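K.L.:
Provided below are the primary sequence and the corresponding predicted coordinates.
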Amino acid sequence: MAEVDRVAVEEFGLGIIQMMEHAGRTLSRVVIEGDADRITVVAGGGGNGGGGLACARHLAARDRLHRVVLDRSPDEYEGAPATQLRLLEGMGVELVDAAATPDDSATAAITDADRVIDALIGYGLTGAPRGVAAELITAIESAPGPVTALDVPSGVDATTGEAAGAVATPETTLTLALPKTGLAPLDGSLVCADLGIPAGVYAAAGIEYEHPFGDRFSVELSLAE
Ligand SMILES: NC(=O)C1=CN([C@@H]2O[C@H](COP(=O)(O)OP(=O)(O)OC[C@H]3O[C@@H](n4cnc5c(N)ncnc54)[C@H](O)[C@@H]3O)[C@@H](O)[C@H]2O)[C@H](O)CC1
Ligand SMILES: [K+]
């Protein structure tokens with residue numbers, strides 16, 4: 001998937017921000033179909049967090065957003081995730097910086113929600129979750145409300161499916177563009193979102209690909225028997 005992203009951006013000129021917007025908007029559609037109206041988005045600093053922040057903007061516009069929890073200071077965001085964050089700030093959305101709140105307001109923002117979106121870490125996970133991200137994964141895992149994970153449950157290796165430390169167990173995972181091999185052993189439902197990546201990108205990346213979405217922009221997947 002990382003190679004597909006590279007080819008899409010470097011050889012086809014697709015923007016990261018374009019794909020991230022598809023991810024966030026489709027994620028918001030999936031959770032808006034449920035009845036939760038106090039949805040907390042927990043967002044990391046990379047591409048996964050950026051998709052979560054785009055989702056938060058669409059939820060806020062529909063009055064379904066409870067809180068946005070970050071694992072680092074807003075000043076530390078760069079690139080497309082920073083763009084998503086600035087848009088949210090421009091809407092007046094309050095951000096909970098879990099790294100700067102010694103009290104339990106980040107945990108409360110997660111436990112008070114009636115659904116939590118786990119957009120902390122995606123396929124960019126390296127090793128077991130550390131620091132504030134690990135604490136937030138533990139808080140998500142113990143939250144009373146259901147969890148929707150973006151791309152892969154944070155803490156799960158997208159390729160091997162192994163979890164070397166904390167992991168949040170989702171009710172639903174919305175994976176992006178292609179199902180990752182590490183999702184095969186996953187409990188819960190799996191939905192794949194179309195990011196609008198042209199078929200030629202997959203060909204250039206050496207992947208045999210048939211557009212799986214038909215007329216839709218997301219499809220539910222199940223494991224072959
Ligand atoms: N075509 C696609 O599928 C697209 C996917 N997108 C999304 O982007 C992520 C991958 O983005 P990337 O920036 O490469 O990495 P992540 O956001 O997954 O992770 C980096 C983030 O996580 C922190 N981190 C990594 N390991 C640890 C650890 N052990 N403990 C604590 N923190 C950790 C790191 O510091 C970074 O902040 C993909 O999954 C999709 O969600 C794109 O939006 C575009 C297309
Ligand atoms: K995630």
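P.N.:
Good, I have the coordinates. Ligands and ions are numbered 1, 2, ... in the order given.
K.L.:
gap between the lengthiest helix in the chain and the chain center?
P.N.:
Secondary structure of the chain per DSSP state H: the longest helix is helix 16-32. Chain-centre distance of helix 16-32: 9 Å, with Cα atoms, centre = their mean, to the nearest Å.
K.L.:
pLDDT weak spots in the chain?
P.N.:
Scanning the chain for pLDDT under 70 picks out 102, 224-225.
K.L.:
so which residues on it come close to ligand 2?
P.N.:
Counting by Cβ under 5 Å from the ion, the chain comes close to ligand 2 at 48, 118, 149, 150, 154. C-beta coordinates here come from the backbone N, C-alpha and C atoms, glycine included.
K.L.:
which of the residues you listed sits closest to ligand 1?
P.N.:
For the residues of the chain next to ligand 2, the residue nearest ligand 1 by Cβ to the nearest ligand atom is residue 48; the value is 3.4 Å.
K.L.:
quick one: contacts for the closest one?
P.N.:
Applying Cβ atoms under 8 Å, 6 or more residues apart in numbering to residue 48 gives the contacts 119, 120, 121, 122, 123, 124, 150, 151, 154.
K.L.:
same thing but 7 Å
P.N.:
By Cβ atoms under 7 Å, 6 or more residues apart in numbering, the contact list for residue 48 reads 119, 120, 121, 122, 124, 150, 151.
K.L.:
and the first one, how many neighbours?
P.N.:
Here the count is done by other Cβ atoms under 10 Å, and residue 119 has 33 residues near it.
K.L.:
partners of it in the sheet?
P.N.:
Note on residue 119: beta-bridge partners by DSSP bridges are residue 43.
K.L.:
closest to the centroid, which residue in the protein?
P.N.:
residue 150 (2.8 Å; Cα atoms, centre = their mean).
K.L.:
give me the neighbour count for the nearest residue to residue 76 once chain neighbours are set aside.
P.N.:
In space, residue 76 comes closest to residue 45 once its chain neighbours are excluded; the distance is 6.2 Å by Cβ to Cβ, 6 or more residues apart in numbering. Residue 45: 23 surrounding residues under other Cβ under 10 Å.
K.L.:
show me where this structure has its helices.
P.N.:
2-10, 16-32, 47-61, 79-90, 105-111, 131-141, 199-204.
K.L.:
just name the most buried of these.
P.N.:
Per-stretch averages of neighbours, counted by mean count of other Cβ atoms under 10 Å, single out helix 47-61 among the helices of the chain, with a mean of 26.
K.L.:
ok and it relative to helix 131-141, angle-wise?
P.N.:
50 degrees (axes from the mean of the first three to the mean of the last three Cα atoms, to 10 degrees).
K.L.:
with only the CA atoms kept, save helix 47-61 in PDB.
P.N.:
This file holds the C-alpha atoms of helix 47-61, laid out as PDB (Å, rounded to 0.1, in the frame of the first residue of the first chain):
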ATOM      1  CA  GLY A  47      -1.600  10.200   7.500                       C
ATOM      2  CA  ASN A  48      -3.900   8.100   9.700                       C
ATOM      3  CA  GLY A  49      -4.500  11.000  12.000                       C
ATOM      4  CA  GLY A  50      -5.000  13.400   9.100                       C
ATOM      5  CA  GLY A  51      -7.900  11.200   7.800                       C
ATOM      6  CA  GLY A  52      -9.400  11.200  11.300                       C
ATOM      7  CA  LEU A  53      -9.200  15.000  11.400                       C
ATOM      8  CA  ALA A  54     -10.900  15.300   8.000                       C
ATOM      9  CA  CYS A  55     -13.700  13.000   9.400                       C
ATOM     10  CA  ALA A  56     -13.900  15.200  12.500                       C
ATOM     11  CA  ARG A  57     -14.600  18.300  10.300                       C
ATOM     12  CA  HIS A  58     -17.500  16.500   8.500                       C
ATOM     13  CA  LEU A  59     -18.900  15.300  11.900                       C
ATOM     14  CA  ALA A  60     -18.600  18.800  13.400                       C
ATOM     15  CA  ALA A  61     -20.500  20.300  10.400                       C
END
